[in-house]
Every structure is written in C-alpha cells, then in structure tokens.
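Participant: Kindly return the folded structure for what I paste below:
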Amino acid sequence: MTVHLADRLSTRDNGVTLLRLAFALLVVFGHAWEIRGQGPDPLQRATGVTCGEVGVNAFFALSGFLVTQSWLRSRSAADYFLRRALRIFPGFWLCLLATGLGLFPWLWARQHGVRWRDAFSQAPFLGYVARNALLRIRQATIGDLFANQPAVGVVNGALWSLFPEFLCYIGVAAAGLLGFFAGRRAFLPWLGTAALFVVSAGGPHVLARLSGHAHDSAWYLWRLGTQATYFAVGALFCLHAGRMRTGAARLLAGLLLLALAMRLGAYGWIGPLLLPFSLLQAASVTPGAWLDRIARHLTELPRAELDELCREIGRDGSLRVVTASALAADAQQAWTARLRGPLGDGATIAFDTDPELIAGAELHFPNAVMRFSWASELAAIRDEVQAHAIGR
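Facilitator: Next up is the predicted model:
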C-alpha cells in the first residue's frame, strides 16, 4: 500500500512537535558547549557542522512545510497573516519584556552590585526592548552584560532567526498571491529554490575573498539565504506532499546520506535537500500514522480475504496487536475502535510489546501475521540487497 506525506502530515497526529523539541535541545546543547569554553561541539569536531547550525536549519525546513500548508488552508491573505502574527509576536514580545525588563536588569544588578531599579539608569534596557520590538534584532547587547562570554555580550542570540522566518512568511504569501503554487507558473518556486541553493552553497567561497564591512554585510545576506533555502525546500515538499511516499526505508536512506554528506564536507550542498526530506519522513512516523496505515490496509483487502481473517478471530481466539512500545490505555482504545471497523465489533483484541520491532506494529491473527514495522522493512531491504548481490 502506498502512503504519502500528505496522508501523514495533514493532521496534528504527527511527530513535528517532538522534532521541534529535539532540535531546540540540540541548539541549546551546541550553545552550552560553546559558552562553557569547551571548543567545537562533538558534531562540529566530527563533521565541521555545528549542532546549532543543524538545529536552526531543521526549524526552517519544518516551518517551510507547515507555513505553506497554512497558506493553502487559509481563507485569505489577511487570515494567513493574522495566523502568522498570532503565532510569532505574542511569544516574542513576552520573551522580550520578561528578559529585557526583568531577567537582564536583575543580572546586571548582581554583576555590578547595585539595586535592580538602579540598573535601568545605568544600561539601555528600555532601548533594548523598543529597538527589537519589530522582530529584527537591532540591539543585541546591553552594556557589558555577558561581555566575558564567547558571543561577546550578545544577551539573547537565539532571537535573530525570527526576522528571517517572518520574511519567509511574506515570501510564501507573495508566491501564493502571484499564482506560483499552481498552473503554468508552478515551475517558478523550483527556479527560486535552485537560486537559493547556489547562494547557500556558494556563499562561503565568496565570503573567503571579502573583508571588513563588505564581509559582514555579505555574511548576513548569506545567512538569510541559507535559512531561506531550507524553508523553500520544506515549502516545495508541502506542495508535492501528495506525491512523496513515506516509509522506514526512505527515512533511513535519507539519514545515511545526510550523515555521509556531513562526513565528506558536502553538507552545504546536499543538506538543504536531505535534512528537510529526512525530517518530514521522521515526522510521519507516529503511532497514529501506523494505525492509519494498518486500518487502510485492512479496508483495502479483498473481501474474501478479510472475511477469512474475521472468521479466524471468531473461531480460534483473539487478535494480538504487538507494538514496539507499550500503548497507553486511551491509545489502546483508539486502536481497538479503528481495527474493529474492518474486522467487526465482536473482534477480541489484545495488546503486547516487542522492542525489536523498533517502530510500528504487527497484527498476529490465529493463522497469519501482518507486519508493519521498521524491523520488517529493514529485513526486506536486507533481503533485496542480498538477492541483488547473489544475482551479480
């Protein structure tokens, strides 16, 4: 049975939130490594690519898919921008106020041995909030706060990515309004993404020949172009999600190729394609996704074969559902309800676990087993490779 990205990522039952958390922690890990003065983080020592770089790239790739999906579902451009603004500004402003008027003055007061209220007369905390309120970070430092850190006084470096992200939101709306997502102009997003690929991959070679102000300006533009590349690839995958298949084999292939590209120093060229691909494949692997796949497979079985399975359950015992990890009580109820749809309300269903499945599930009928797991797909890949080797 063919399963596509659109089937997995058109609802909230996916792994996007878990991936966001994982890559946020990866960014924190990379920054903590730097702040502690321990030199390059482990990923950078092994591949030359930092944890923070991969984490931010992943966020832009996921955002490209989800924001384009939001545009396609919006009733109008106004509705789209309202949703985007409510998504980004309230949290940003809360963070800006809490840190700029609360945490940072308190840290300044402790650093200089003064009262919290006196800190406001000694450092531009109000200016920090006002100058950065429209997303673009125009003031990254506050006096000599954190001046002894590797980032030389930058008080909240993570905020820089919000402005490029909002520019990408505008880009999606512009492309949609100009009709670039369908019809005769549908090739234009591909051309735009190809141009961004060139900017992203070729930027370091240009930067190596520049110095001074020209280098700083070009570096900022290159950084914007790099994140826009990941965002654009995520957007393209959203536009073609109905044609992109999912599965453990594709996820593993994407991860292996991504690791190889990092190791060979080709991440700048291949990363904008392989990282979004691997992320979206991983996001589609959830317990609910496996259940959707199994339920669809059962409903698409020939009627005679399905009737025989139902008779087996009624005659010889219950259906045993084996999953890679234990299902909570509510999840078991959901699985029971979905499986009883094609198998009948009288089907007795029991649950068991087998970590060797890695991910997915197996349906153990009295006289048959249906396998929907990574372990079974890996076994199929191994058998195919061995058969190919023997044939040669």
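
Participant: which helix in this structure runs the most residues?
Facilitator: Secondary structure of the chain per DSSP state H: the longest helix is helix 212-239.

Participant: mind listing what's buried in that one?
Facilitator: Neighbour-count burial for helix 212-239, counted by 16 or more other C-beta atoms under 10 Å, picks out 222-239. Every C-beta, even on glycine, is put in place using the N, C-alpha and C of the backbone.

Participant: Mind giving me the packing neighbours of it?
Facilitator: helix 51-73, helix 162-177, helix 188-207, helix 267-283 (3 or more C-beta pairs under 8 Å, 6 or more residues apart in numbering; DSSP states H and E).

Participant: Tell me what angle that helix forms with helix 267-283.
Facilitator: 30 degrees (axes from the mean of the first three to the mean of the last three C-alpha atoms, to 10 degrees).

Participant: that's a helix at residue 39, yeah?
Facilitator: No: counting by DSSP: H, G, I helix; E, B strand; the rest coil, residue 39 is not part of a helix but coil.

Participant: Residue 154: how many residues sit nearby?
Facilitator: Neighbours of residue 154 under the rule other C-beta atoms under 10 Å: 18.

Participant: contacting residues around the nearest residue to it once chain neighbours are set aside?
Facilitator: Spatially, and ignoring its direct neighbours in sequence, residue 154 is nearest to residue 140 (4.8 Å; C-beta to C-beta, 6 or more residues apart in numbering). Going by C-beta atoms under 8 Å, 6 or more residues apart in numbering, residue 140 touches 153-157, 160.

Participant: for the helices and strands packed on helix 212-239, which one sits closest to residue 98?
Facilitator: Closest to residue 98 of those is helix 162-177 (C-beta to C-beta; 15.5 Å).

Participant: Who are the packing partners of the closest one?
Facilitator: Packed on helix 162-177, when contacts are counted by 3+ C-beta pairs under 8 Å, 6+ apart, are helix 51-73, helix 77-98, helix 188-207, helix 212-239.

Participant: So what's the gap between the third one and the chain middle?
Facilitator: Taking the mean C-alpha point of helix 188-207 and that of its whole chain, the gap between them comes to 21 Å (C-alpha atoms, centre = their mean, to the nearest Å).

Participant: Keeping just the C-alphas, turn that helix into PDB.
Facilitator: Written as PDB, here are the backbone C-alpha positions of helix 188-207 (Å, rounded to 0.1, in the frame of the first residue of the first chain):
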ATOM      1  CA  LEU A 188       8.900  29.300 -10.600                       C
ATOM      2  CA  PRO A 189       9.300  28.100  -7.000                       C
ATOM      3  CA  TRP A 190      11.700  25.400  -8.300                       C
ATOM      4  CA  LEU A 191      13.800  28.100 -10.000                       C
ATOM      5  CA  GLY A 192      13.700  30.300  -6.900                       C
ATOM      6  CA  THR A 193      14.800  27.400  -4.700                       C
ATOM      7  CA  ALA A 194      17.600  26.400  -7.200                       C
ATOM      8  CA  ALA A 195      18.900  30.000  -7.000                       C
ATOM      9  CA  LEU A 196      18.800  29.900  -3.200                       C
ATOM     10  CA  PHE A 197      20.800  26.600  -3.300                       C
ATOM     11  CA  VAL A 198      23.500  28.400  -5.300                       C
ATOM     12  CA  VAL A 199      23.600  31.300  -2.800                       C
ATOM     13  CA  SER A 200      23.700  28.900   0.200                       C
ATOM     14  CA  ALA A 201      26.400  26.600  -1.100                       C
ATOM     15  CA  GLY A 202      28.500  29.200  -2.900                       C
ATOM     16  CA  GLY A 203      28.400  31.800  -0.100                       C
ATOM     17  CA  PRO A 204      31.400  30.600   1.900                       C
ATOM     18  CA  HIS A 205      33.600  30.800  -1.200                       C
ATOM     19  CA  VAL A 206      32.600  34.400  -1.800                       C
ATOM     20  CA  LEU A 207      33.000  35.300   1.900                       C
END
